[in-house]
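1. fold the following for me, if possible:
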Amino acid sequence: SLRNPAVERDPEKRREVVKRVIAYMTLGIDVSRLFMEMIMATSSNDLVIKKMVYLYICNYASTNPELSLLAINTFQKDCRDEDPMVRGLALRSFCSLRLPNIVEYLQKPIEDGLADPSAYVRKTAALGCVKLHNLSPRLVDDAGLTAKLRTALYDRDPVVVANAVCALEEIEGREGPVERQIVHHLLNRIREFNEWAQVVVLGLVSRYTPADSNETFDVMNILEERLKH
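-> Numbers count the residues shown, from 1 in each chain. A predicted model of the protein is given here:
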């Protein structure tokens, strides 16, 4: 048991107990009765334990919505942790709960995440906007998160940019506006993106209609190297 004093004092034993619980869960064995003990285990500074406990909470959230609310304080606190890995992991897990009654608690962590100094947290927050939109499209609009995602298209980190493009495509659909400034900005950075991100960016660019033949020629010049592959 995680409440065993010997387990609480020994980080290795604690990790082994949590690992055993996750193993049972993946085998389809119902370990939801341990929900309270697992939530308490999130107080650990061990990142491995946090990852496993977050996985557990997300797995049982839909079947234990009331108990899942008890995890909100933990997620909110960890979204403010000094370690960017903890902040990003907590935000990703928080957004993955997919419970309508947590919507009001998600907005602030996502907004803070989009402005986080860590690229890992920012890219997680960008995709978090999509999950929040799936729960409450109106809240995303009212909070101005699509405008913040458009700002993220100019982020210095290419993965954050790619995630922002994906998020906007999911939220606005293929009817969303494709602005000339954004298209040229993304094309001029195309070499910075990995192959997946290039596909995402080119998908957006394919919906853009150049103003005239000169602009079409400019776009083709920028893409010439990419089109050789």
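
2. ok now stretch 51-63, how far from the chain's centre?
-> Distance of stretch 51-63 from the chain centroid (Cα atoms, centre = their mean, to the nearest Å) equals 16 Å.

3. now do stretch 76-88
-> From the chain centre to the centre of stretch 76-88 is a distance of 13 Å (Cα atoms, centre = their mean).

4. likewise stretch 179-192?
-> Using Cα atoms, centre = their mean, the offset of stretch 179-192 from its chain centre is 23 Å.

5. and the contacts of it?
-> Residues outside stretch 179-192 that contact it (Cβ atoms under 8 Å, 6 or more residues apart in numbering): 150, 153-154, 158, 161, 165, 198, 201, 204-205, 208, 211, 215, 219, 222-223, 225-226. In this view, the C-beta of every residue, glycine as well, is placed from N, C-alpha and C.

6. pull the CA atoms of that stretch into CSV?
-> The C-alpha coordinates for stretch 179-192 follow below in CSV (Å, rounded to 0.1, in the frame of the first residue of the first chain):
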residue,chain,number,x,y,z
GLU,A,179,-2.9,35.5,-44.3
ARG,A,180,-0.1,36.5,-46.7
GLN,A,181,2.2,37.7,-43.9
ILE,A,182,1.9,34.3,-42.1
VAL,A,183,2.4,32.3,-45.2
HIS,A,184,5.6,34.1,-46.2
HIS,A,185,6.9,34.0,-42.7
LEU,A,186,6.4,30.2,-42.5
LEU,A,187,7.9,29.6,-45.9
ASN,A,188,11.0,31.6,-45.1
ARG,A,189,11.5,29.3,-42.1
ILE,A,190,10.7,26.1,-43.9
ARG,A,191,14.2,24.7,-43.5
GLU,A,192,13.9,24.9,-39.7
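
7. related to what we said a few turns ago, now, of the contacts of stretch 179-192, which are buried?
-> With burial judged by 16 or more other Cβ atoms under 10 Å, the buried subset of these is L153, P158, V161, V165, Q198, V201, L204, V205, Y208, V219, I222.

8. now do the contacts for the closest residue to P65 other than its chain neighbours.
-> Excluding its sequence neighbours, the residue lying closest to P65 (Cβ to Cβ, 6 or more residues apart in numbering) is L99, at 5.4 Å. Applying Cβ under 8 Å, 6+ apart, we find L99 in contact with A61, S62, P65, S68, L69, L135.

9. tell me which two of those sit farthest apart.
-> Farthest-apart pair in the contacts of L99 is L69 and L135; separation 14.7 Å (Cβ to Cβ).

10. does S44 touch M52 like I think?
-> No. Contact criterion Cβ atoms under 8 Å: S44 and M52 do not qualify, at 10.0 Å.

11. more neighbours: which of these two?
-> M52 (22 against 18; other Cβ atoms under 10 Å).

12. for Y154, give me phi and psi.
-> Dihedral pair for Y154: phi -110, psi 10, per degrees, to the nearest 10.

13. tell me the spacing between it and I190.
-> Distance of Y154 to I190, computed by Cβ to Cβ, to the nearest Å: 15 Å.

14. where does the chain have low pLDDT?
-> Where the chain drops to pLDDT under 70, the residues are 1-9, 174, 225-229.
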